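[1] this one's sequence-less:
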């Protein structure tokens, strides 16, 4: 009850600060808060519920397969479409934790059955991936459930990678990374605009944010681990051009937020940034991890910061492992990079903050 009263007081304080032009639906806000409170449970219960729902759905699918469903392409298509429709309907009609977990399992298995059915009909793989992507895109417009939207976004982006690999157009992975990077940057830097653009967009913002991060990581891993896919190393630097520009723009925003206005400080920071980034030109995976960290830091997205730091450590380690240099040369490279990072840290830590006297 105290939390509900605190919510009411918080809403009233915002209304008072914004004036009479501020409009809101207090009843709808409090009802949504009550629904979230009813569905709140421990992490253990959530994990067990998800596992239970997934196993129950798998058991039902196993029964259908034992009954000979795999021999019927039409049956696979019908049941796949049925599971997807049921999942979307359940999320539209109900808003409980147990229903959500069951619908997620149904949604995933529906896509699996649909893909298998289309493949067994010997339909071209390009058409199969396009059909799956369109189905996932349509579901985004119908329901904005967090997990279903996250799965849909990953399905759409993953299908682009499948198209690239299946058609042996491996160098197009660079274009995929560039587009994903720009989309992720746009979503992060336009948080307020997207959240206030409408109810559907506001619900899609969070799953889109984490979905695009994972989608970008898929592309970064594809080029970050040598020989994972046969790409030309002569073009490995192409995504770095866009990533370099994005990082410098983010550095500009961070300088503005910290009110660093002196020309000398700006030049020094930009110079140190360039010194850190130039050696990474042939490792766009590391630049991508830096972008994830900076974007998440700007909007205070802790999950994104954690993902960015973990991926940064992984890509640094992979880059170091893949270098065709002697151990001494590798050590010198890491030692030099470490010195630049330390200089950058020491310089920024000495800068006066906005609430300090110069």
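    Now that the structure is in, tell me what you want to look at. As the structure is a prediction and not an experimental result, all values here were calculated from the model.
[2] report the buried residues of the helix or strand containing residue 307.
    If you go by DSSP states H and E, residue 307 is part of helix 302-322. Neighbour counts using 16 or more other C-beta atoms under 10 Å place 304, 305, 307, 308, 311, 312, 314, 315, 316, 318, 319 of helix 302-322 among the buried residues. Just so you know, the C-beta spots here come from the backbone N, C-alpha and C atoms, and that holds for glycine as well.
[3] quick check: the first one vs residue 182, distance?
    When you say that, I think you mean residue 304. From residue 304 across to residue 182, the span is 17 Å (C-beta to C-beta, to the nearest Å).
[4] likewise the second one?
    Here residue 305 is placed at a distance of 20 Å from residue 182 (C-beta to C-beta).
[5] quick one: mean pLDDT for the helix holding residue 307?
    In this model, helix 302-322 has an average pLDDT of 85.
[6] tell me which residues are up against it.
    Helix 302-322 has contacts (C-beta atoms under 8 Å, 6 or more residues apart in numbering) with 209-210, 213, 217, 220, 224-226, 283, 285-286, 288-290, 292-293, 295-297, 330, 333-334.
[7] for that helix, the distance to its chain's centre please.
    15 Å (C-alpha atoms, centre = their mean, to the nearest Å).
[8] equivalent analysis for stretch 192-212, please.
    How far stretch 192-212 lies from its chain's middle: 12 Å, per C-alpha atoms, centre = their mean.
[9] and that stretch, which residues are buried?
    Applying 16+ other C-beta under 10 Å to stretch 192-212 flags 194, 203, 204, 205, 206, 207, 208, 209, 210, 211, 212 as buried.
[10] and which of the residues you listed is nearest residue 128?
    When these are compared for distance to residue 128 (C-beta to C-beta), residue 211 wins out at 21.2 Å.
[11] quick one: low-confidence ranges for the stretch 1-150 of the chain?
    Within the stretch 1-150 of the chain, the set of residues satisfying pLDDT under 70 comprises 1-54, 56-57, 65, 69-70, 95-98.
[12] so where's the longest helix in the protein?
    In the chain, assigned by DSSP state H, the helix with the most residues is helix 199-224.
[13] for that helix, name the packing helices and strands.
    helix 146-166, helix 173-189, helix 191-195, helix 284-298, helix 302-322 (3 or more C-beta pairs under 8 Å, 6 or more residues apart in numbering; DSSP states H and E).
[14] and the third one, what does it pack onto?
    The one in question is helix 191-195. The contact analysis (3+ C-beta pairs under 8 Å, 6+ apart) places helix 191-195 against helix 199-224.
[15] ok now the helix it packs on, how far from the chain's centre?
    The answer for helix 199-224 is 2 Å, by C-alpha atoms, centre = their mean.
[16] re earlier: tilt between the helix holding residue 307 and helix 173-189?
    Inter-element angle recorded for helix 302-322 and helix 173-189: 150 degrees (by axes from the mean of the first three to the mean of the last three C-alpha atoms, to 10 degrees).
[17] could you give the angle of helix 302-322 to helix 284-298?
    160 degrees.
[18] hmm, back to that, report the buried members of the contacts of helix 302-322.
    209-210, 213, 217, 220, 224-225, 283, 285-286, 288-290, 292-293, 295-296.
[19] quick one: residue 148 from residue 141, how far?
    On the measure of C-beta to C-beta, residue 148 and residue 141 end up 12 Å apart.
[20] have a look at those two and say which one is more surrounded.
    When neighbours are counted by other C-beta atoms under 10 Å, residue 148 comes out ahead of the other of residue 148 and residue 141, with 26 against 10.
[21] surely the more buried one meets residue 89?
    No: Residue 148 is not in contact with residue 89 according to C-beta atoms under 8 Å; the separation is 11.5 Å.
[22] what are the phi and psi values for residue 143?
    Phi and psi for residue 143, reported as degrees, to the nearest 10, are phi -130, psi 140.
[23] and it, what does it touch?
    Residues in contact with residue 143 (C-beta under 8 Å, 6+ apart) are 88, 91, 92, 149.
[24] restricted to strands, list the residues you listed.
    Among the contacts of residue 143, no member falls in strands (DSSP state E).
[25] now those in TSV, please, with extra columns for distance to residue 113.
    Output for the contacts of residue 143, formatted as TSV (distance: C-beta to C-beta, whole Å):
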residue	distance to residue 113
88	15
91	19
92	21
149	21
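[26] coming back round to it: farthest pair within the buried residues of stretch 192-212?
    Maximum distance among the buried residues of stretch 192-212 (C-beta to C-beta): 15.6 Å, for 203 and 212.
[27] for residue 160, give me the pLDDT.
    pLDDT for residue 160: 91.
[28] does it really touch residue 173, like I thought?
    No: when contacts are counted by C-beta under 8 Å, residue 160 is not listed as touching residue 173 (9.5 Å).
[29] my guess is residue 216 contacts residue 185, does it?
    No: look at residue 216 against residue 185 with C-beta under 8 Å: they stay out of range, at 10.1 Å.
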